[in-house]
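Undergrad: based on what follows, work out the 3D shape:
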Amino acid sequence: MRSLLVLVVLMVAAVAAWWQFEARIPSHWHPWKPLSVGDALTPVTKWKLQRLAGDREACLTALDTAPEGALRMTPLDDHEPAPGCPLENVVRIHGGEIQFNASFVASCPLALAWVMYERQRLQPAAEAHFGSRVARVEHYGSFACRNVYGRADGRRSEHATAEALDVASFRLEDGRRITLREHWGGEDARGAFLRDARDGACDLFGNVLGPAYNRAHADHFHFGMRGFRVRR
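TA: Model (predicted):
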């Protein structure tokens with residue numbers, strides 16, 4: 001009986017110690033606390049983003065933490081825009097502080113990763129290299145019901161589930177335009193900016209592919225949600 005009492009006391013003490021420890025963990029390091037757009041980026045961030053793929057309500061709540069005007073989007077019902085490519089937990093992104101050449105459909109975690117990337121990595125890189133912010137992003141789209149590289153056989157592309165965005169160029173507020181095809185690999189500010197834009201994306205997206213990967217990506221960045229830190 002005495003041993004049982006000691007065990008209970010120790011368990012209660014351990015639980016109390018854990019609660020005190022957990023309360024001190026910052027939100028951006030705590031794996032179970034809700035994700036917010038303003039959270040500092042940590043190794044836990046991508047895990048939180050991937051977990052939101054199966055939780056539509058929690059993902060939309062996280063998107064709602066974006067400052068007013070930072071992101072204009074419309075939640076979409078689950079639907080199947082093309083046979084064999086059903087879309088779940090998706091939104092349509094119209095723009096925000098950065099405008100796009102066209103609106104696009106994105107999985108909710110992709111939309112959340114993008115707005116966090118834009119605010120915490122892309123814009124700081126533009127300001128550091130040019131003293132000007134990005135005003136517009138030109139992309140090749142997000143959803144395409146196809147296999148990887150459009151092959152007849154093989155696994156489905158991330159684009160088939162709207163979990164990837166292909167970005168081709170950036171236009172600054174001062175009018176300058178930076179393209180992957182023209183400026184990747186350059187030793188000037190444009191080339192340095194593109195390298196930082198790629199490297200910063202790795203803190204949020206599961207895979208980031210570009211001209212250094214293969215010829216198929218010679219003119220764009222592929223920002224995808226699958227994986228944890230693939231950067232090429």
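Undergrad: which stretches of the chain form helices?
TA: Secondary structure of the chain (DSSP state H): helices located at 2-23, 43-51, 56-63, 108-117, 123-130, 180-183, 189-201.
Undergrad: list the helices and strands the fifth one packs on?
TA: With contacts defined as 3 or more CB pairs under 8 Å, 6 or more residues apart in numbering; DSSP states H and E, helix 123-130 has these neighbours: strand 164-172, helix 189-201. C-beta coordinates here come from the backbone N, C-alpha and C atoms, glycine included.
Undergrad: list the buried ones in the longest one?
TA: By neighbour count with 16 or more other CB atoms under 10 Å, helix 189-201 contains the buried residues 189-191, 193-198, 200-201.
Undergrad: thought Leu63 was touching Ala70, still the case?
TA: No: using CB atoms under 8 Å as the test, Ala70 is too far from Leu63 to be in contact (9.7 Å).
Undergrad: which residues do those two both contact?
TA: 37, 115 (CB atoms under 8 Å, 6 or more residues apart in numbering).
Undergrad: switch the helices and strands packed on helix 123-130 over to CSV; also include distance to Phe100 and mean pLDDT.
TA: As requested, these are arranged in CSV below (distance: least, CB to CB, whole Å; pLDDT from 0 to 100):
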stretch, distance to Phe100, mean pLDDT
strand 164-172, 10, 98
helix 189-201, 16, 97
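Undergrad: using a markdown table, lay out the ones you listed together with distance to Leu180.
TA: Below are those laid out as a markdown table (distance: least, CB to CB, whole Å):
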| stretch | distance to Leu180 |
| --- | --- |
| strand 164-172 | 6 |
| helix 189-201 | 7 |
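Undergrad: looking at these, which is closest to Arg119?
TA: Smallest distance to Arg119 across these (CB to CB): 11.1 Å, for helix 189-201.
Undergrad: circling back to that earlier point, right, so of the helices and strands packed on helix 123-130, which gets closest to Gly224?
TA: Taking CB to CB, strand 164-172 is the member of those nearest to Gly224, at 3.8 Å.
Undergrad: tally of neighbours for His79?
TA: His79 has 10 neighbouring residues, counting by other CB atoms under 10 Å.
Undergrad: follow-up on the earlier one: more crowded one of Ala70 and Leu63?
TA: A count of neighbours by other CB under 10 Å puts Leu63 above the other of Ala70 and Leu63, at 22 against 17.
Undergrad: spatially nearest residue to that one, not counting backbone neighbours?
TA: The shortest distance from Leu63 to any non-neighbouring residue, by CB to CB, 6 or more residues apart in numbering, is to Leu112 (5.6 Å).
Undergrad: hmm, Glu97 and Arg136 touching each other?
TA: No: the pair Arg136 / Glu97 is not scored as a contact, 10.7 Å apart, by CB under 8 Å.
Undergrad: for the protein, which spans come out with low pLDDT?
TA: 1-24, 228-232 (pLDDT under 70).
Undergrad: quick check: the residue nearest to Leu63 touching Ser36?
TA: No: at 9.8 Å, Leu112 does not count as touching Ser36 under the criterion of CB under 8 Å.
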